[in-house]
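*Asks:* sequence and predicted model, in that order:
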Amino acid sequence: MQSTEIKQSILIVTGMHRSGTSLTMSLLQSAGLEIGQRLLQPNYGNVKGYFENVDFIEFHESVLYSQGINKVGWTLERNIPVPVAYIDKAKQIVQENSSSKKVWGWKDPRTTLFLEFWRDLLPEAKFLFVYRSPWEVIDSLYRRADDVFYLNPEFALKVWINYNQAIINFYDEFSEKCILLSVDSISCEPAFMLKAIEEKLDISLGNPTGDIYDRLLLHTQTSNSHRPALIKHYFPEAFELYHELNVRQGLINASNSPCVNPEQLPSYAVWSLQDWLDLRQTQRNSKTELQQTQSQLHQIQGELHQARTELHQTQEELHQTQGELHQTQGELHQTQGELHQARTELHQTQGELHRTQGELHQARTELHQTQVELHQARIELHQTQGELHQARIELHQTQVQLEHSQAVIKGMESSKFWKLRSQWFRLKKWFRLKKWFKRQHLVA
């Protein structure tokens, strides 16, 4: 398999499901590790978040599905082969998520099933393995209620063995590029993890945020629980494998070791009596809790009675309010009728106003036209008055001329010439009459 040319610092975090890898990755991200942008959203299984890059999750799921294996990774196979068709996709995912400025990496428990593949593809990558006791992992899986374990509860332990055996095998072969830490060590002292990463893997990160996780979310079993004894007796392979993990971390015989010492495990006789004692204590506690519950119930009943009284009073007030509301609705209905009538009258008035405005506009138009005609008549009257004045002047002149002519004529009539002229016209007229009678006689 050909490796990529990427030389950046890469830190791959993995481990069995429910082993604390999400807690670990949250600390590393807050310390400066770049883990990508497309992250798996929190849910009931991890309320703080998974801190898993969806690109790598989908890649692992698709490869598992192509091999007919459960996509979550519930399998007893190791070093699952990656088909050649998926290699280019893996290179593309690495290229899209790599960072040249910061240390980057990813976390996915399914990576444990592909350790050889990622070592060959990314020879510069370093690995941080997180492990947790088998009883705590199984307890977490049972609390999560995965269907695959319901009819086969032993399968959960076998998967834990398969994952952690793969981690040990890889760690023993490539220990120079690996760190193996228990989730207890990481949660108790995150600085120890960061120091180990810097000293052994030559990867420097900052200081994580102090309140990045809630310790109460990490459910643990106490060392005197019968769960370790149960695992040791019925599943010695798992107990021995957990011991080997602790040996490689260097926790055996350490003063602050969170490991379970086989010599300190309670005997089965003590275990059975302890269960008997725990049962009776549980019954006693249940009885005490029952008495407290009954007392609380009595108090609640009193509060309920008071609440019912207040409810009855409230119902009466509500009934009165409903009566007032009914009356108000009647008044409102009447007001709405009056409003409707007023709107009708307003509409009618607006119609009349519109009609009146039209008539007023027409009257204004006619008035304007009349004013124009009046102005024209005034102009014509003024012109007529001028002409009349001129006619009067001309009439006066004519009368003067007539009087003058009459005086001239009167003077001429009294003259001898005028008399001769008159006799001449009478004589001329007589000759015309005589000529006319003569023509009439000849015609007859």
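*Replies:* Sure thing, it's come through.

*Asks:* okay, CA-based contacts and neighbour counts for the rest of this
*Replies:* OK.

*Asks:* what's the spacing between the top helix by length along the chain and its chain's center?
*Replies:* Among the segments of the chain that qualify as a helix by DSSP state H, the longest is helix 268-413. Relative to its parent chain, helix 268-413 has a centroid offset of 39 Å by CA atoms, centre = their mean, to the nearest Å.

*Asks:* checking Phe127 next. Helix, strand or coil?
*Replies:* strand (DSSP: H, G, I helix; E, B strand; the rest coil).

*Asks:* tell me, how many residues neighbour it?
*Replies:* As a burial measure, Phe127 scores 24 neighbours (other CA atoms under 10 Å).

*Asks:* same question for Tyr131.
*Replies:* By other CA under 10 Å, the residues close to Tyr131 number 26.

*Asks:* pull the contacting residues for it.
*Replies:* Each residue near Tyr131 by CA atoms under 8 Å, 6 or more residues apart in numbering is listed here: 15-16, 19-20, 164, 180-183, 245.

*Asks:* show me just the buried residues among these.
*Replies:* Among the contacts of Tyr131, those classed as buried by 16 or more other CA atoms under 10 Å are 15-16, 19-20, 164, 180-183, 245.

*Asks:* skipping adjacent residues, who's closest to Ser133 in space?
*Replies:* Leaving aside its sequence neighbours, Ser133 sits nearest to Tyr242 (CA to CA, 6 or more residues apart in numbering; 6.4 Å).

*Asks:* what number of residues lie near the one you found?
*Replies:* Counted with other CA under 10 Å, Tyr242 comes out at 21.

*Asks:* ok, now Thr384?
*Replies:* Neighbours of Thr384 using other CA under 10 Å come to 14.

*Asks:* any idea how far Thr398 is from it?
*Replies:* Remark: distance between Thr384 and Thr398 (CA to CA, to the nearest Å) = 20 Å.

*Asks:* check Gln371 too.
*Replies:* Taking CA to CA, one finds Gln371 at 39 Å from Thr398.

*Asks:* again with Glu387
*Replies:* 16 Å.

*Asks:* any weak-confidence spans in this protein?
*Replies:* For the chain, the stretches with pLDDT under 70 are 1-8, 42-50, 210-225, 251-279, 413, 418, 443-444.

*Asks:* among the contacts of Tyr131, which pair sits farthest apart?
*Replies:* Taking CA to CA, the two most distant members of these are Gly20 and Leu245; they sit 15.0 Å apart.

*Asks:* what ranges does the stretch 1-150 of the chain have for its helices?
*Replies:* With DSSP state H, counting those that start in this stretch, the ranges of helices along the stretch 1-150 of the chain come out as 21-30, 54-66, 87-97, 115-121, 134-144.

*Asks:* pick the most buried one from those helices.
*Replies:* Of all the helices of the stretch 1-150 of the chain, helix 21-30 has the most neighbours on average by mean count of other CA atoms under 10 Å, namely a mean of 23.

*Asks:* other residues contacting that helix?
*Replies:* 13-15, 35, 49-52, 107-109, 130, 183, 186-187, 190, 205, 207-209, 212-213.

*Asks:* residues touching Asp108, list them.
*Replies:* When contacts are counted by CA under 8 Å, 6+ apart, Asp108 touches 13-15, 21, 52-53, 56-57.

*Asks:* what about the residue nearest to Leu201 when sequence neighbours are not counted, how many neighbours?
*Replies:* Take Leu201 and drop its neighbours on the chain: the residue closest to it by CA to CA, 6+ apart is Lys177, 6.2 Å away. By the measure other CA under 10 Å, the count of residues near Lys177 is 18.

*Asks:* need the contact list for Lys177.
*Replies:* 125-127, 200-201.

*Asks:* tell me the two of these that are most distant?
*Replies:* Greatest spatial distance among the contacts of Lys177 (CA to CA): Ala125 and Lys200, at 13.0 Å.

*Asks:* show me which of these two is the more surrounded one.
*Replies:* Ala125 (21 against 14).

*Asks:* give me phi/psi at the more buried one?
*Replies:* Dihedral pair for Ala125: phi -70, psi 150, per degrees, to the nearest 10.

*Asks:* quick one: contacts for the residue lying closest to it once chain neighbours are set aside?
*Replies:* Leaving aside its chain neighbours, Ala125 sits nearest to Ile10 (4.7 Å; criterion: CA to CA, 6+ apart). Neighbouring residues of Ile10 by CA under 8 Å, 6+ apart: 103-105, 124-126.

*Asks:* could you report the neighbour count for Val13?
*Replies:* 24.

*Asks:* so who does it touch?
*Replies:* By CA under 8 Å, 6+ apart, the neighbours of Val13 are 21, 25, 105-108, 127-130.

*Asks:* coming back round to it: what is the one helix or strand the residue nearest to Ser133 maps to packed up against?
*Replies:* Assigned by DSSP states H and E, Tyr242 belongs to helix 236-249. If you count contacts as 3 or more CA pairs under 8 Å, 6 or more residues apart in numbering; DSSP states H and E, helix 236-249 packs onto helix 134-144, helix 154-173, strand 178-182, helix 226-234.

*Asks:* contacts for that helix?
*Replies:* 131, 133-134, 157, 161, 164-165, 168, 180-182, 228, 231-232, 252, 259.

*Asks:* and which of the residues you listed is nearest Arg119?
*Replies:* Ile168 (15.0 Å).

*Asks:* ok, that closest one - contacts?
*Replies:* Ile168 neighbours (CA under 8 Å, 6+ apart): Leu245.

*Asks:* could you measure from it over to Ile12?
*Replies:* 16 Å.

*Asks:* one step back: out of the contacts of Tyr131, who's nearest Glu316?
*Replies:* Proximity of the contacts of Tyr131 to Glu316, judged by CA to CA, is greatest for Gly20, which lies at 59.7 Å.

*Asks:* just give the nearest non-adjacent residue to the closest one, would you?
*Replies:* Val183 (5.6 Å).

*Asks:* no further questions, thank you.
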